[in-house]
Each structure stands twice: as structure tokens, then as C-alpha cells.
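Asker: Here is my input; please provide its structure:
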Amino acid sequence: MSFKNAISWFEIPATNLERATNFYEAIFETKLIPMDMDNIKMRMFAITDMENGVGGAVVDSGGFHKPSATDGSLIYLNGNPDLQNILNRVVNAGGTIMVPKMEISPEYGYMAVIMDTEGNRIGLHSIA
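Answerer: Numbering: from 1, shown residues only. As a prediction, the model looks like this:
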């Protein structure tokens, strides 16, 4: 098996899956796909490319994963074509903008960091 991307799957922890689902659906203007198993409930992002090894979900694992504003990895979600469009919806959806849109470089585009309704620090990246 060869890997085409550094990330193959990510899970964003949620203590209130309905609230977290509503947040991500609102800021990305999309519907998350329910994918429940015996011991874990997931709401998978609709834009996944499992063929090329990329996907992720908001997850209620019954306490196995816990939201964190400061600990652990920081993932960056795709904010293309312009992450400002997503940032414009964050506060009304119950989140907080921690780092406003800023240019990384002309070659690498822009980034921002938000806090979701669960207390997770989440990065956004876009080319514009």
C-alpha cells in the first residue's frame, strides 16, 4: 500500500455529538453522514476521498477521546476556496475565532484557528 497523503483519517472528539454536528454543518454548509457502531458514534464529513486515503469525522467515543483547546495535535480542515467564508459563520454557530485569517506565504496560502463548540482547537487552511 502506498500513501498519497500525510493524513488518512482524523477524529474530532465531541462530548455533545448533536451540538458538534450542528456546528460543523453550519460553518461548512454541508451535512455530516451518521456512521454509528456499538461503542462509537460518528458524523463523517461528506467530502471524503477514501480512495486516496483521506477522511474524517466528529466522534463521540464515550469519553475515550476528549476535546482539548491546548493539548494534542492541531488538524487543519480544508477551507478552500477562501477560509474567511467559514470564519464568517463560526461565531453564529457557537464557536470562537482564536487566530484570524493570516497569510502563511504566497505559496502556501492562508490559515486560521478556531475553537469549536466542544472546546477543540481546529485549524483552517485555504489558498485565498
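Asker: buried residues in stretch 120-128?
Answerer: By 16 or more other Cβ atoms under 10 Å, the buried positions in stretch 120-128 come out as 120-126. (Each C-beta comes from the backbone N, C-alpha and C, glycine too.)
Asker: Can you pull out the low-pLDDT segments for this structure?
Answerer: Of all residues in the chain, those with pLDDT under 70 make up the ranges 1-3, 47-53.
Asker: Which residue ranges of it form helices?
Answerer: Using DSSP state H, the helices assigned to the chain run over residues 17-28, 84-90.
Asker: can you put those helices in CSV and add mean neighbour count and distance to P67?
Answerer: Listed next are the helices of the chain as CSV, based on neighbours: other Cβ atoms under 10 Å; distance: least, Cβ to Cβ, whole Å:
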stretch, mean neighbour count, distance to P67
helix 17-28, 19, 9
helix 84-90, 17, 16
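Asker: which stretch among those helices comes nearest V58?
Answerer: Closest approach to V58 among those (Cβ to Cβ): helix 17-28, 4.8 Å.
Asker: Show residues contacting the closest one.
Answerer: Helix 17-28 is touched from outside by 12, 14, 30-32, 41, 43, 45, 58-60, 77, 86, 89-90, 92-95, 116-118, with contacts defined as Cβ atoms under 8 Å, 6 or more residues apart in numbering.
Asker: let's see 6 Å
Answerer: Under the criterion Cβ atoms under 6 Å, 6 or more residues apart in numbering, residues 14, 31-32, 41, 43, 58, 60, 86, 89-90, 93-94, 116-118 lie in contact with helix 17-28.
Asker: Check stretch 72-84 too.
Answerer: Applying Cβ under 6 Å, 6+ apart, the external contacts of stretch 72-84 come out as 10, 86, 101, 110, 112, 121, 123-128.
Asker: try it again with 10 Å
Answerer: Stretch 72-84 is contacted by residues 7, 10-13, 24, 27-28, 45, 47, 54, 56, 65-66, 68, 85-88, 100-101, 109-114, 120-128 when judged by Cβ atoms under 10 Å, 6 or more residues apart in numbering.
Asker: so how far is the first residue of it from its last?
Answerer: Stretch 72-84 has an end-to-end distance of 25 Å (criterion: Cα to Cα, to the nearest Å).
Asker: Fine by me, we can end here.
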